[in-house]
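Visitor: build the 3D model from these lines:
(one chain, ligands or ions: 1)
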Amino acid sequence: MPPTPAPPDQPDQPDDTDHAADTDTDTPAFPAPRAADVSTLDTALAHCRACPRLVAWREEAGRIKRKSFADWDYWARPVAGFGPSDAALLLVGLAPAAHGGNRTGRMFTGDRSGDVLVAALHDLGLANQAESTAADDGLRLYGVRFTAPVHCAPPDNKPTPDERDTCRPWLVRELTLLRPTVRAIVVLGSFGWQALFPALTAAGWQVPRPRPKFGHGVRVDIPSATPGATPLALFGSYHVSQQNTFTGRLTPAMLRDVLAAAARAAGLRPAAPKPGRH
Ligand code: SF4
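Guide: Got it, this is the predicted structure:
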């Protein structure tokens, strides 16, 4: 297999010398609010090295590799959001997987989680194909964007609270830039649910107090802090992790139901799944 190409809709693979003046020592709190658009944000994010433990982990995963991916050049950098910058529906996960997004350079790509999620979106007519295998596989999302509260692969898929908080400015800025179009969010799992609320507040929405509890199928309407502005419909779904999908805790039908409800709330028109889909 040839080296992994730079993910489309994301910045080119940076070399070691092209960011001498940026984020080696900075936190995202400096560059993120200055990003004028989503593309600029994604480019700046790809250079971030603010979390020493995660930088070491993502790079080690790229050196050691999984045996089945031994001939891949891992991305081994922060993984930006994926999908149109005027998305109406945002899907918020947890963090890239060490041998999935961290390998391919695209969120929900190259692992079982991505397979399940993208197949569900395809069933609903929200993606052009059912597979998500590599950054150059031609996947297109329609009105939908992926992102995460933590953009680097963490050991055991468990970022620390400090790492989550350090990464927050990227999410706050992404939400702020998406505000003109985003109308619904699906959060995959309780980690993302908890991580999203302070980012929503910082981006201009009024999160209810006490904070709503996470649950699969839960819907919460979040008003804007700006009077008269369109509210946001927030949905919870179990994460598309192997642990949930292999055990049947999250079935394709359960996932499709939440995605379809959120898509309708976002003003999209999800298709009815083909008969016989489980
Ligand atoms: S997790 Fe976020 S803040 Fe930390 S290094 Fe990665 S992109 Fe930067």
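
Visitor: show me the contacts for the closest residue to residue 145 other than its chain neighbours.
Guide: For residue 145, the nearest residue in space outside its immediate sequence neighbours is residue 83; the separation is 3.1 Å by Cβ to Cβ, 6 or more residues apart in numbering. Any C-beta I mention is one placed from the backbone N, CA and C, and that applies to glycine too. In this structure, residue 83 makes contact with 9, 141, 144-146, judged by Cβ atoms under 8 Å, 6 or more residues apart in numbering.

Visitor: if we go to 7 Å?
Guide: For residue 83, the contact set (Cβ atoms under 7 Å, 6 or more residues apart in numbering) comprises 141, 144-146.

Visitor: now, which of those residues lie within helices?
Guide: Counting by DSSP state H, none of the members of the contacts of residue 83 fall within helices.

Visitor: in the stretch 1-150 of the chain, which spans are helices?
Guide: Counting by DSSP state H, counting those that start in this stretch, the stretch 1-150 of the chain forms helices over residues 38-45, 52-64, 101-104, 112-123, given from the N-terminal end onward.

Visitor: same for the first one, what does it pack against?
Guide: It refers to helix 38-45. Taking 3 or more Cβ pairs under 7 Å, 6 or more residues apart in numbering; DSSP states H and E as contact, the helices and strands that helix 38-45 lies on are helix 161-178.

Visitor: contacting residues around the helix it packs on?
Guide: The list of residues contacting helix 161-178 from outside it, by Cβ under 7 Å, 6+ apart, reads 27-29, 32-33, 35, 37-38, 41, 45, 50-51, 54, 81, 87, 90, 147, 149-151, 154, 195, 198-200, 202-204.

Visitor: try it again at 8 Å.
Guide: Residues lying outside helix 161-178 but in contact with it, judged by Cβ under 8 Å, 6+ apart, are 27-29, 32-33, 35, 37-38, 41, 45, 48, 50-51, 53-54, 81, 85-87, 90, 145, 147-152, 154, 159, 182, 191, 195-196, 198-200, 202-204.

Visitor: only the buried subset of the residues you listed, as a ChimeraX command please.
Guide: Applied in ChimeraX, the following selects the buried portion of those according to 16 or more other Cβ atoms under 10 Å:
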select :27,28,32,35,38,41,45,48,50,51,54,81,85,87,90,145,147,148,149,150,151,152,154,159,182,191,195,196,198,199,200,202,203
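
Visitor: now, the contacts of helix 161-178 that are in strands?
Guide: Where the contacts of helix 161-178 overlap with strands, as defined by DSSP state E, the overlap consists of 90, 145, 147.

Visitor: I'd like those residues written out as TSV, with distance to residue 259 and pLDDT added.
Guide: Written out in TSV, the entries for those read as follows (distance: Cβ to Cβ, whole Å; pLDDT from 0 to 100):
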residue	distance to residue 259	pLDDT
90	12	98
145	13	98
147	15	98
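
Visitor: and the residues you listed as TSV, adding distance to the ligand?
Guide: Formatted as TSV, the ones in strands among the contacts of helix 161-178 follow (distance: Cβ to the nearest ligand atom, whole Å):
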residue	distance to the ligand
90	17
145	17
147	12
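
Visitor: quick check: which ranges of the stretch 1-150 of the chain have low pLDDT?
Guide: Counting by pLDDT under 70, the stretch 1-150 of the chain contains low-confidence residues at 1-25.

Visitor: how about the residues of it by the ligand?
Guide: Counting by Cβ under 6 Å from any ligand atom, the residues of the stretch 1-150 of the chain close to the ligand are 28, 45, 48-51, 54-55, 78, 150.

Visitor: between which two of those is the distance greatest?
Guide: With Cβ to Cβ as the measure, no two of those lie farther apart than 49 and 150, at 14.1 Å.

Visitor: count residues in the vicinity of residue 71, would you?
Guide: Neighbours of residue 71 under the rule other Cβ atoms under 10 Å: 10.

Visitor: report pLDDT for residue 277.
Guide: Confidence per residue is given as pLDDT, and for residue 277 that number is 65.

Visitor: my read: residue 132 touches residue 112, true?
Guide: No: with contact defined as Cβ atoms under 8 Å, residue 132 does not reach residue 112; the gap is 10.4 Å.

Visitor: I'm done for today, thanks for sticking with me.
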